[in-house]
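Asks: Any chance you could fold what I've pasted below:
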Amino acid sequence: MRAVVQRVKESRVTVNGEITGEIGKGIMVLLGVEDGDTEKDAAYMAEKIALLRIFNDEEDKMNLSTVDVKGSALVVSQFTLAGDCRKGRRPSYSTAARPESAIPLYRKFIEELAGYGIPVQEGIFQAMMEVYLINDGPVTLLIDSKRNF
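Replies: Just a heads-up that it's a prediction; the model follows:
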């Protein structure tokens, strides 16, 4: 499982012009599920992301987590995070999980993240989405449950 996590001042996702999820201060999470991912990966990613210290404290140091600042999360499925660009010019998505296994793990991640007391909004799985955000910092991090980076 892979994620791009961005600290945001605000973010929203729309499908066909309709807002499906919207947050203020918090994190925008683009989440990609790969073949072989399990509920253990979803739980690991949720804990890592919920407790990641990426918000500034009173001394302006990144010491606070989304939980600490009572931030929200906007989670958007992003199968292209499984794209392999090492060969040629067209990414290969052969390691992206099929929807029948990806959707339950996407849902499990959201459930686990909400379990930390983080209000979670989301996009629509497999929909063509438009994502708007104001990246705060900017702070953008890559997280991989297999710890490849």
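Asks: Tell me where the chain has helices.
Replies: Listed in chain order, the helices of the chain (DSSP state H) span residues 39-51, 99-114.
Asks: Measure how the last one sits relative to helix 39-51, angle-wise.
Replies: Right, helix 99-114. Here helix 99-114 runs at 40 degrees with respect to helix 39-51, directions being taken by axes from the mean of the first three to the mean of the last three Cα atoms, to 10 degrees.
Asks: what's helix 99-114 packed up against?
Replies: Using 3 or more Cβ pairs under 8 Å, 6 or more residues apart in numbering; DSSP states H and E as the contact criterion, the secondary-structure elements in contact with helix 99-114 are strand 26-32, helix 39-51, strand 72-77, strand 120-122. C-beta here means a position set from N, CA and C on the backbone, and glycine is covered the same way.
Asks: Could you list the low-confidence segments of the protein?
Replies: Within the chain, no stretch falls below the threshold (pLDDT under 70).
Asks: Which among the helices of the chain is found nearest to Gly83?
Replies: With respect to Gly83, and counting by Cβ to Cβ, the nearest of the helices of the chain is helix 99-114 at 14.4 Å.
Asks: burial measure for Met1, as a count.
Replies: Other residues within reach of Met1 by the criterion other Cβ atoms under 10 Å amount to 26.
Asks: pretty sure it is touching Gly36, no?
Replies: No: no contact is recorded between Met1 and Gly36 when judged using Cβ atoms under 8 Å, the distance being 9.6 Å.
Asks: about what we covered before: export the helices of the chain to CSV and tack on distance to Gln121 and mean neighbour count?
Replies: Shown next, in CSV, are these (distance: least, Cβ to Cβ, whole Å; neighbours: other Cβ atoms under 10 Å):
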stretch, distance to Gln121, mean neighbour count
helix 39-51, 15, 19
helix 99-114, 10, 18
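Asks: Out of the ones you listed, which gets nearest to Thr80?
Replies: Across these, Thr80 has its closest neighbour in helix 99-114 (12.5 Å, Cβ to Cβ).
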